[in-house]
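J.: 3D model of this:
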Amino acid sequence: MAHHHHHNHSHSHAHPDLKGRNLLISIFLNIAITVSQIVGGLISGSLALLSDALHNFSDVLSLVISYAATKLGKKKACKEKTFGYKRAEIMAAFVNAATLVVVAIILMKEAVERLFQPQPIESNLVIWLSLIAIAGNGFSVLLLKKDSEHNMNMKSAYLHLLTDMMASVAVLVGGILMKFYQIYWVDAVLTMAIGVYLIYMGYDLLKESTKVLMLFTPKTIIIQDLVESICTIDRVKNVHHVHIWQLNEDEVHMEAHIDFVEDIKLSQFDAILEEIEEHLYHKHGINHVNIQPEFDKCDSKSVIVQD
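T.: The predicted structure is shown next:
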């Protein structure tokens with residue numbers, strides 16, 4: 001007997017149109033930065049600029065994926081898609097986190113090669129283009145910062161832009177040191193450091209989005225405590241066959257079988273169900289509850305049953 005009682009709309013859904021608009025601005029800014037860096041990298045012979053352009057291009061792709069996911073996420077459920085596209089943003093976060101790690105590995109590989117073969121570079125062009133990239137990415141980072149705190153998809157886009165801004169800072173520092181001191185190895189060292197940071201941040205997001213996609217129980221919920229607390233409700237004898245999963249950023253679902261101490265009427269069950277829902281929502285943050293009521297049924301009474 002399913003009951004959709006609470007719809008907990010988190011902070012990230014307060015202004016989805018604004019979220020989409022901010023992503024669009026960031027997409028166009030990054031396309032402009034990428035094109036200017038490719039042209040500048042080819043003219044100046046700077047591998048640093050070309051690798052930064054590659055990173056920026058990955059940003060464009062990640063932002064497009066994030067934008068598509070925010071649009072899809074708002075589509076309504078239908079007979080063929082009973083959950084709608086509610087997992088689109090989690091999928092986008094997973095894809096973006098994975099590409100973040102891949103880009104980091106490519107950057108680090110290039111940095112190692114550059115370390116052994118430093119080359120003289122047209123540093124003035126490198127300095128100016130890296131300043132443009134810092135300004136563009138810095139603006140995008142500020143646009144997405146607020147939403148990134150409440151939404152995995154936006155966080156993945158935000159991290160792409162933040163790390164790209166840091167990569168551009170590294171290119172700028174490298175350009176200045178090359179211009180005034182002819183120190184060509186510093187660019188490679190800074191790129192390595194950014195690569196390490198990228199892997200650290202990307203792995204964390206990859207792990208979190210994988211847990212959601214694999215339907216793991218959210219780490220804030222301790223199932224044994226939850227079951228024991230439901231059993232304190234009047235007329236509840238036993239809670240078993242429990243499944244708890246996170247559908248997306250806003251929705252945590254639970255389904256379970258509940259044994260009752262007596263053969264109660266449906267109207268009585270509805271009243272108890274209301275109490276269970278209130279309890280689960282306020283104590284455990286579960287906003288979609290599906291309970292199968294039972295009385296004297298011969299089935300496994302284990303809390304977790306392998307289906």
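J.: now the helices for the stretch 201-307 of the chain?
T.: Assigned by DSSP state H, counting those that start in this stretch, the stretch 201-307 of the chain shows helices spanning 223-230, 266-284.
J.: Including mean pLDDT, could these go into TSV?
T.: Listed next are these as TSV, based on pLDDT from 0 to 100:
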stretch	mean pLDDT
helix 223-230	94
helix 266-284	94
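J.: closest one to His253 among the ones you listed?
T.: His253 lies closest to helix 266-284 among these, at 10.6 Å (CB to CB). Bear in mind the C-beta positions are built from the backbone N, C-alpha and C, glycine included.
J.: That closest one versus helix 223-230: what angle between them?
T.: Using axes from the mean of the first three to the mean of the last three CA atoms, to 10 degrees, the inter-axis angle of helix 266-284 relative to helix 223-230 is 130 degrees.
J.: So what would you say the end-to-end distance of stretch 243-262 is?
T.: Taking CA to CA, to the nearest Å, the first and last residues of stretch 243-262 lie 24 Å apart.
J.: Of all the residues in it, which ones are buried?
T.: 244-254, 256-260 (16 or more other CB atoms under 10 Å).
J.: show me the contacts for Asn238.
T.: Contact analysis of Asn238 by CB atoms under 8 Å, 6 or more residues apart in numbering lists 231, 258-259, 301.
J.: List the pairing partners of the biggest strand by length in the chain within its sheet, with orientation.
T.: Ranked by residue count under DSSP state E, the longest strand found in the chain is strand 236-246. Sheet pairing of strand 236-246 (DSSP bridges) gives strand 252-260 (antiparallel).
J.: which SSE is Leu172 in?
T.: helix 152-181 (DSSP states H and E).
J.: Quick check: buried residues in that helix?
T.: 152-178.
J.: where in the protein is pLDDT low?
T.: 1-18, 118-121, 307 (pLDDT under 70).
J.: Thr217 and Ile223, how far apart?
T.: Distance, Thr217 to Ile223, using CB to CB, to the nearest Å: 6 Å.
J.: What of Val242?
T.: 6 Å.
J.: Looking only at neighbour counts, state which of those two leads.
T.: Val242 (20 against 17; other CB atoms under 10 Å).
J.: Double-check that one against Ser300; I have them as touching.
T.: No. Using CB atoms under 8 Å, Val242 makes no contact with Ser300, being 11.5 Å away.
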